[in-house]
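A.B. asks: Below is the structure, and that's it, no one-letter string:
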Ligand code: GAL
């Protein structure tokens, strides 16, 4: 079935095709129709209040991003909806009406038809009066708002217009409604029968066999639930059923059953696991689905290939370490011609070390050989003031281990760079985030805690593998995790880091907020300048990573304080909402990115993550992960893997070892992509490359597969171009003028357009 939608006024053509997500009916949509006003007045709750002069707002996005930058305090949202009584008859367990209001940052009181029904996520009984104590409560901002009313509750006006009014109070930072699920519906089967599709990851055996466990849970305390479960795996491109099974279940209250699906699938073919439960008595259905991982990166060739950065910056006299990243059947033999005096290459492992004394530029020819042949490539060495001439690539402990990071886990991660082959694709930094610090001793030296008994030893070990090592601190007295920061000890800390052999410092604002609670631009820069001076006094190249969540548009002055990268946003989470909100908002800082000066939209949320000792598999779908890597590469972002490297599954490893994709991130021109087309449904981003060609990302923001149309005149490209699919590493033929490509739900296509003469 094909349905064409032509979007007037824009040149995007979207075709809806198969493999789409299904949605429940019987729901009042609350995603649109909201009015908004900052300020506070008790009259705003009343259905009779005339809000025609108010502005409109999208409840899925915080108010700062909708023209209310920097606003804290009270604001109101209002919306009018018809609630039909027919909703009551269509469910098995019609015991309450639920109002879903996404999440609310920070506090809320919700009124239905002028009467208070809920506060900070709690239901409020009829007749309650309101006070302002709710504004003092903290920690509610990340809580899903779901308010429930009995069908007989007089506050609901069945078959009439109802006014929902939300009084919000923002204590600071982001404010207002955001997130997903803005709807009104009766409780029903979907609230009582739950699927857990996420706790177990897909298991690969060989190239084609996959299996996955999932469970079905009866969450009612009282009712038996009986019916048929249909489990199917359907290949997206041809609709072929790879697995199909019907079974009958009879679940007692609170009982969970586990199911296992095992099927064969071509490695690169997208597929969907779909589970439908049909209740025996009512024929009501609930369903769930999960995208099956598919691997696009082709097998690595056995012939030698040189990967990773082709330009490397170093300061005069600093210790030089560069590992030539290369793949191919071992053993590989490395050599370099025209190496400047002061540097040597180890022929067995391709690690170049030494130091260079004068500012200069050198072109070195690298060669890697094995039994099957050899590969050559130029490496440009720039001895000057700026380091990190391509974005750093590596791993950081935070998204997996959080504060439970230890020496052992860091060593194991470093070993995994080698055992999984990541090191051969240019991945090089092993970064310890928060959680290594103890106190400063009486001489002002920072001590490591019991989890890191020998920091110089750890640094030496990481270096011996050809890798680099990073560390974390805060300009404040305490880090965000409550450990000792660098406040007052900047010079000593920098000296200690350098003496241990540290190559990367993430410097995180955290408790500096107590020292400069309402910082002006100079106060924002001050602590970063201070540590910058301290780092420059050491005789070591330490990548300086500013972390202050984008305050004061850090991208406009990060280079001034000599930052090599700067976080442009708050912390990323492994959800589509977080990923897409962060990734697609990076156009505002594109022009400030340059070699050695990178915008950092935060670390990668792929594989097993958890921010603490208990890990879970990323909640991003495979397609969302293709978007993540494609977009981050277009953004010339630092690529820091945030997962447990000891548990790298074949999908995740395949995702981060595509040399043609990585080459976009590492392109020496260092120009971040800009958005060419933006709409609610899709985006097209383009990045200029050093060789004059373009990298292009096509992104589908909807839950349905679509065709995205690209008009090459958007990039001022005339004439014929060769198109290459970078994920599949295949040529797609020549193109002129415009073209369209199929893009999976929440997925991406990453292509390279090369000029044909
Ligand atoms: C946050 C930072 C995270 C992580 C954490 C450590 O402020 O954004 O990436 O470093 O602190 O406590």
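C.D. replies: That came through fine. Computed from a prediction, not measured in an experiment: that's the story for all the values here.
A.B. asks: I'd guessed residue 326 sits against residue 375; true?
C.D. replies: Yes. Using Cβ atoms under 8 Å, residue 326 is in contact with residue 375, at 7.0 Å. Any C-beta I mention is one placed from the backbone N, CA and C, and that applies to glycine too.
A.B. asks: what bridges to the residue nearest to residue 483 when sequence neighbours are not counted?
C.D. replies: Leaving out its chain neighbours, the residue that sits closest to residue 483 by Cβ to Cβ, 6 or more residues apart in numbering is residue 437, at 4.1 Å. Here residue 437 sits in beta bridges with residue 448, going by DSSP bridges.
A.B. asks: Can you report how many residues lie near residue 437?
C.D. replies: With neighbours defined by other Cβ atoms under 10 Å, the count for residue 437 comes to 25.
A.B. asks: Name all residues that make contact with it.
C.D. replies: Contact analysis of residue 437 by Cβ atoms under 8 Å, 6 or more residues apart in numbering lists 446, 447, 448, 449, 473, 479, 483, 484, 485.
A.B. asks: Any figure for the gap between it and the ligand?
C.D. replies: 11 Å (Cβ to the nearest ligand atom, to the nearest Å).
A.B. asks: hmm, back to that, for the contacts of residue 437, pick the one with the most neighbours.
C.D. replies: Most surrounded of the contacts of residue 437: other Cβ under 10 Å gives residue 485, at 29 neighbours.
A.B. asks: anything in stretch 625-644 near the ligand?
C.D. replies: No. Against the ligand, stretch 625-644 shows no contacts by Cβ under 6 Å from any ligand atom, the least distance being 9.0 Å.
A.B. asks: how far does that stretch sit from the chain's center?
C.D. replies: Here stretch 625-644 is found 8 Å from its chain centre; the criterion is Cα atoms, centre = their mean, to the nearest Å.
A.B. asks: returning to that earlier point: comparing residue 326 and residue 375, which shows the higher neighbour count?
C.D. replies: Applying other Cβ under 10 Å to residue 326 and residue 375 shows that residue 326 carries more neighbours, namely 24 against 19.
A.B. asks: before we move on, what SS does the more buried one have?
C.D. replies: When classified by DSSP: H, G, I helix; E, B strand; the rest coil, residue 326 comes out as strand.
A.B. asks: tell me which parts of this protein are close to the ligand?
C.D. replies: By the rule Cβ under 6 Å from any ligand atom, the part of the chain lying against the ligand is 398, 433, 434, 472, 479, 480, 481, 508, 510, 547, 571.
A.B. asks: In helices, which of the residues you listed fall?
C.D. replies: Of the positions in the residues of the chain next to the ligand, residue 398 sit in helices, assigned by DSSP state H.
A.B. asks: Just the buried ones out of the residues of the chain next to the ligand, please.
C.D. replies: Buried members of the residues of the chain next to the ligand, counted by 16 or more other Cβ atoms under 10 Å: 398, 433, 434, 472, 479, 480, 481, 508, 510, 547, 571.
A.B. asks: possible to save those as TSV with pLDDT?
C.D. replies: TSV is the format used below for those (pLDDT from 0 to 100):
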residue	pLDDT
398	97
433	98
434	97
472	98
479	96
480	94
481	95
508	97
510	94
547	97
571	93
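A.B. asks: so of those, which ones are in strands?
C.D. replies: The strands, defined by DSSP state E, take in 472, 508, 547 from those.
A.B. asks: got a list of contacts for the longest helix seen in the chain?
C.D. replies: As assigned by DSSP H, the longest helix anywhere in the chain is helix 521-537. By Cβ under 8 Å, 6+ apart, the surrounding residues in contact with helix 521-537 are 475-476, 486, 490-491, 493-495, 498, 505, 507, 509, 512, 515-516, 542, 544, 546, 548, 551-552, 554, 557, 560-563.
A.B. asks: before we move on, what about stretch 161-173?
C.D. replies: Everything outside stretch 161-173 that qualifies as a contact, by Cβ under 8 Å, 6+ apart, is 30, 40, 44-47, 63, 71-83, 99, 101, 104-114, 134-135, 138, 156, 175-177.
A.B. asks: Keep only those of those residues that are in helices.
C.D. replies: In helices, judged by DSSP H, none of the contacts of stretch 161-173 are found.
A.B. asks: Just the buried ones out of those, please.
C.D. replies: Using 16+ other Cβ under 10 Å, the buried ones in these are 30, 44-45, 47, 63, 72, 74-79, 81, 83, 99, 101, 104-114, 134-135, 156, 175-177.
A.B. asks: For residue 626, pull up the helix or strand it's in.
C.D. replies: Using DSSP states H and E, the element containing residue 626 is helix 622-634.
A.B. asks: and if you look at residue 664?
C.D. replies: Per DSSP H and E, residue 664 falls inside helix 659-665.
A.B. asks: helices and strands around the next helix or strand after that helix, which ones?
C.D. replies: Counting by DSSP H and E, the next helix or strand C-terminal to helix 659-665 is strand 674-678. For strand 674-678, the packing partners by 3 or more Cβ pairs under 8 Å, 6 or more residues apart in numbering; DSSP states H and E come out as strand 682-688.
A.B. asks: packing partners for the strand it packs on?
C.D. replies: Secondary-structure packing of strand 682-688 (3+ Cβ pairs under 8 Å, 6+ apart): helix 622-634, strand 674-678, strand 694-700, strand 706-711.
A.B. asks: how close does residue 165 sit to residue 130?
C.D. replies: 12 Å (Cβ to Cβ, to the nearest Å).
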